[in-house]
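[1] Sequence first, predicted model second:
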Amino acid sequence: MPLREGFSIARFDVEVVGHLTLDYIKTPRGTVNEVLGGTPTYVGFSLSRLGFKVGVISTIGHDFSEPHVLCLAKDMELSKVKRSFKPTTRFQISYFDHGRELRLLALCEPIDESTLTSLNEAEAIFIGTVAGEVDLKTLEKVSCLDLYKTLSLQGFLRSFRPNGYVELRTEDRLLPLLGRFNLICGSSEEMMIELGASNLKQALSRALKLGGGVAVATMGHEGSMVAYQGGFLRVPAFKTAALDPTGAGDVYAGVLANYLSRGEDIKWAACVAASAASFVVEGLGPSRFGSKREVEVRASAMLEKVVFQPF
């Protein structure tokens, strides 16, 4: 059965697709247990603060508590979030000096195909899976929809060992679909693995040649690189005291996509995206999001630091 609705709206600016999760996050600077997670959480909260109307399409288990539902419902529409007989998707996320270790603890049921192919209430869609919860057959149907479409690579490239630990792999069947999306996003590692490239510029260039409009790779504290028909933009990360990088890439991609879907200048959109991501890392879990004014102040300070590089 669908969850209760959040605010009542006739049309969404964007519907975010992917599992809502319950995460256990451990960083050198702190630990949080059973905190809200998943792409819809981070993208939804950040876009809501920027004035966008957000709908979520997901499945959760009966272990997903009512306080969590109420927290999300303040900022996003949940009528297409369905309860499942399976437990909510859960991740254990551990950060070390050398990087991150991700472990899948539980996996909820896939997201229903019929929900994804009847998106007549949204101007844009963001596919942000974390564990393959949208299959490629369904993704192919979504890729033909006439709206602004964004695809995050992460959930399609993850494989899981028997103990749940995550490894990245190439998904060749995904390649023919990439050119149908307005924006393709992923980490630098994900981009190079999927596009079979030895360096990031090569990966992004190959993504554009498939037919998409914009390809972006996030690089953590080193910022991001955006490729579009005019060339490359090297966007630095906003310098701030980082506690937890979880969700920053999702926020960056979600904000960039929705600013571009409204026709904003790509350089400004990338700065707003980087600024929004900088607030998220200042808290543990999804606890810190800047207001529109705060985000735009930081974005304005970043504009002159963006470097354009031709092909």
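    Perfect, thanks for sending it.
[2] Check which residues of the helix or strand bottoming out on mean pLDDT in the chain are buried.
    Using mean pLDDT, DSSP states H and E, helix 113-116 stands out as the lowest-scoring helix or strand of the chain, at a mean of 77. For helix 113-116, a neighbour-count test (16 or more other C-beta atoms under 10 Å) marks T115, L116 as buried. To be clear about C-beta, it is placed using only N, CA and C from the backbone, and glycine gets the same treatment.
[3] for stretch 103-111, same thing?
    Applying 16+ other C-beta under 10 Å to stretch 103-111 flags R103, L104, A106, L107, C108, E109, P110, I111 as buried.
[4] got it, and stretch 209-224?
    L210, G212, G213, V214, A215, V216, A217, T218, M219, G220, G223, S224.
[5] follow-up on the earlier one: which helices and strands sit right next to the least confident helix or strand of the chain?
    The contact analysis (3 or more C-beta pairs under 8 Å, 6 or more residues apart in numbering; DSSP states H and E) places helix 113-116 against helix 136-142.
[6] Among the buried residues of stretch 209-224, which one lies nearest to N33?
    G220 (23.9 Å; C-beta to C-beta).
[7] residue contacts, that closest one?
    Neighbour list for G220: S187, A237, P245, A248 [criterion: C-beta atoms under 8 Å, 6 or more residues apart in numbering].
[8] still on that earlier bit, which SSE is immediately downstream of the least confident helix or strand of the chain?
    strand 124-127 (DSSP states H and E).
[9] and that next one, what's its mean pLDDT?
    In this model, strand 124-127 has an average pLDDT of 96.
[10] Please list the residues outside that strand that contact it.
    13-18, 39, 43, 119, 134, 139, 142, 145, 147-152, 253-254, 257-258, 261.
[11] change it to 7 Å
    For strand 124-127, contacts defined as C-beta atoms under 7 Å, 6 or more residues apart in numbering pick out 13-17, 43, 119, 134, 139, 142, 145, 147-152, 254, 257-258, 261.
[12] how much space between G99 and V297?
    G99 sits at a distance of 31 Å from V297 (criterion: C-beta to C-beta, to the nearest Å).
[13] I meant I60, not that one.
    Taking C-beta to C-beta, one finds I60 at 35 Å from V297.
[14] more crowded one of these two?
    I60 (26 against 12; other C-beta atoms under 10 Å).
[15] pLDDT of the strand or helix carrying A301, averaged?
    Per DSSP H and E, A301 falls inside helix 292-302. Across helix 292-302, the average pLDDT comes to 98.
[16] counting contacts, what elements does that helix pack onto?
    Where contact means 3 or more C-beta pairs under 7 Å, 6 or more residues apart in numbering; DSSP states H and E, helix 292-302 is packed against helix 266-280.
[17] What ranges does the stretch 51-200 of the chain have for its helices?
    66-73, 113-116, 136-142, 154-157, 175-178, 188-195, 200-209 (DSSP state H, counting those that start in this stretch).
[18] Can you give the contact residues for the third one?
    Pointing back at helix 136-142 there. E113, L116, T117, I125, I127, R173, L174, L177.
[19] Which among those residues count as buried?
    For those, buried by 16+ other C-beta under 10 Å: L116, I125, I127, L174, L177.
[20] Adding distance to L195 as columns, could you present the residues you listed in TSV?
    Shown next, in TSV, are these (distance: C-beta to C-beta, whole Å):
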residue	distance to L195
L116	25
I125	22
I127	18
L174	10
L177	13
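[21] Tell me how many other residues surround D97.
    5.
[22] Which pLDDT value belongs to the closest residue in space to it that isn't next to it in sequence?
    Sequence neighbours aside, P28 is the residue nearest to D97 in space, at 7.6 Å (criterion: C-beta to C-beta, 6 or more residues apart in numbering). Looking at P28, its pLDDT is 92.
[23] Over to the one 5 residues further on?
    pLDDT recorded at N33 is 96.
[24] ok, it to K26 distance?
    N33 is 9 Å from K26, by C-beta to C-beta.
[25] cool, D250 as well?
    19 Å.
[26] Would you single out the least confident of the helices of the stretch 51-200 of the chain?
    helix 113-116 (a mean of 77).
[27] ok so, going back, among the buried residues of stretch 209-224, name the ones in strands.
    Cross-referencing these against strands under DSSP state E gives V214, A215, V216, A217, T218, S224.
[28] ok now do F181, which residues does it touch?
    S143, K149, T150, L151, G212.
[29] What about Y148, how many residues nearby?
    Using other C-beta under 10 Å, Y148 has 21 neighbouring residues.
[30] what's near enough to touch it?
    Contacts of Y148 by C-beta under 7 Å, 6+ apart are E123, A124, N182, S261.
[31] Take the helices of the stretch 51-200 of the chain and lay them out in JSON lines including distance to K53.
    Output for the helices of the stretch 51-200 of the chain, formatted as JSON lines (distance: least, C-beta to C-beta, whole Å):
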{"stretch": "helix 66-73", "distance to K53": "13"}
{"stretch": "helix 113-116", "distance to K53": "18"}
{"stretch": "helix 136-142", "distance to K53": "20"}
{"stretch": "helix 154-157", "distance to K53": "24"}
{"stretch": "helix 175-178", "distance to K53": "27"}
{"stretch": "helix 188-195", "distance to K53": "29"}
{"stretch": "helix 200-209", "distance to K53": "29"}
